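Enquirer: Below: sequence and its predicted model.
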Amino acid sequence: ADSVASMSQAIQKLKKERNAVILAHLYQRPEIQDIADFVGDSLQLSQMAAQTDADVIVFCGVHFMAESAAILSPQKIVLLPEEEAGCPMADMVTASELQRRKAEMGDVLVVAYVNTSAAVKAESDICCTSSNAVKVVATLPQDKPLLFIPDRNLGDWVSQKTGREMTMWQGYCNTHDRLTVEDVIKAKEKYPEASFIAHPECQPDVVAMADFVASTTGLINYAVQSEAQSFIIGTEEGILHQLRKKAPNKNFYLASPKLICPNMKLTSLEKVLWSLEEMEPRITVDPDVREKALSSLERMLAIV
Ligand code: 13P
Ligand code: SF4
């Protein structure tokens, strides 16, 4: 505990000297969430990255998130304390694979979940996150076929909510996709009074069992406001930290112990401190790619 406190203090001091802002995703370790200036879902984090007047953004999350920050704020230094923190789902579609698919499909609009590389965003028409995907897809012209990349589970949920047919890329989040109907049945048997709330990255048959489906921030807001006292949580375990802080009298049960994203757990206080000391590893995006990827992100940010 001592070292956590002293490292946290050292981070705060260095952060001021560097005029840095620390942004953390809701799946980060509790001690990382606690030193962050802002903790949120993917959309909120990209909005913060676009707005901040800090010189340096320390991104406690995964690579595509830091890349989005670099796209939105090219004049800032963007640090990703753990360079190896990637998103396996984002890696399930490459720019060249997408180009090939677009050539096969002809006149198609590509909707890219933000969990994609800058190069893939550059090949897409508009981005979305789990909190605005339904809204984004609802704005798209009816006469154009849609290709949704890379998350087939999120795509399926959006398609159901909007009534819009879409061709799905066959990607998925290894963490959320592991949660099964059997896991949820067991959890419901154990906690019959609890509401089941889930992230749309879960499999469609799991999502169909949920009382409420939303992005991480959406799930937290729902749990805080809902009259229910107990919740079975169908998303990554990092979310429990803010749930317990924001609703200390309610009960939260993870739907399965498998719900851990190893990449999100790579960021540690040591790494954040080291990163602020060294001003490394920096995430940059090639200017040509950046300009095209920015259009896709800006089209999304204009809608929400
Ligand atoms: P949200 O924070 O947008 O719900 O995203 C979930 C996720 O898996 C991020 O990698
Ligand atoms: Fe990627 Fe899933 Fe981890 Fe989010 S939780 S970073 S989608 S692997």
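Expert: Happy to help now that I have it. Ligands and ions are numbered 1, 2, ... in the order given.
Enquirer: Low-confidence regions, this structure specifically.
Expert: 1 (pLDDT under 70).
Enquirer: which parts of it sit against ligand 1?
Expert: Counting by C-beta under 6 Å from any ligand atom, the chain comes close to ligand 1 at 26, 41-43, 87, 115, 129-131, 173, 199, 201, 215-216. The way it works is simple: take the backbone N, C-alpha and C, and place the C-beta from them, glycine included.
Enquirer: Dump these to CSV, plus neighbour count and distance to residue 102.
Expert: Converted to CSV, the residues of the chain next to ligand 1 look like this (neighbours: other C-beta atoms under 10 Å; distance: C-beta to C-beta, whole Å):
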residue, neighbour count, distance to residue 102
26, 26, 33
41, 23, 29
42, 26, 24
43, 23, 25
87, 23, 22
115, 28, 19
129, 23, 22
130, 27, 24
131, 19, 26
173, 24, 23
199, 29, 28
201, 27, 24
215, 24, 27
216, 26, 30
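Enquirer: which residue sits closest to residue 283, ignoring its sequence neighbours?
Expert: residue 66 (4.2 Å; C-beta to C-beta, 6 or more residues apart in numbering).
Enquirer: what's around the residue lying closest to residue 174 once chain neighbours are set aside, how many residues?
Expert: Nearest non-adjacent residue to residue 174, counting by C-beta to C-beta, 6+ apart: residue 88, 5.2 Å away. When neighbours are counted by other C-beta atoms under 10 Å, residue 88 registers 16.
Enquirer: Begin at 58 from now on, thanks
Expert: I'll keep to 58 as the first residue from here, and by that count the last item is residue 145.
Enquirer: Residue 145 should be in a strand, yeah?
Expert: No - membership of residue 145 in a strand is not supported by DSSP: H, G, I helix; E, B strand; the rest coil, which gives coil.
Enquirer: Does it touch residue 319 like I think?
Expert: No - Residue 145 lies out of contact with residue 319 (C-beta atoms under 8 Å); the separation is 9.3 Å.
Enquirer: send the alpha carbons of stretch 89-102 over as CSV?
Expert: Extracted in CSV, the C-alpha atoms of stretch 89-102 (Å, rounded to 0.1, in the frame of the first residue of the first chain):
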residue,chain,number,x,y,z
ILE,A,89,-4.7,3.3,-12.3
GLN,A,90,-8.3,4.5,-12.3
ASP,A,91,-7.6,6.3,-9.0
ILE,A,92,-4.7,8.3,-10.3
ALA,A,93,-6.4,9.3,-13.6
ASP,A,94,-7.8,12.7,-14.2
PHE,A,95,-10.7,11.1,-16.1
VAL,A,96,-12.0,7.6,-16.2
GLY,A,97,-14.6,6.7,-18.9
ASP,A,98,-15.7,4.6,-21.8
SER,A,99,-14.2,4.8,-25.3
LEU,A,100,-16.3,7.6,-26.5
GLN,A,101,-15.8,9.8,-23.5
LEU,A,102,-12.1,9.2,-23.6
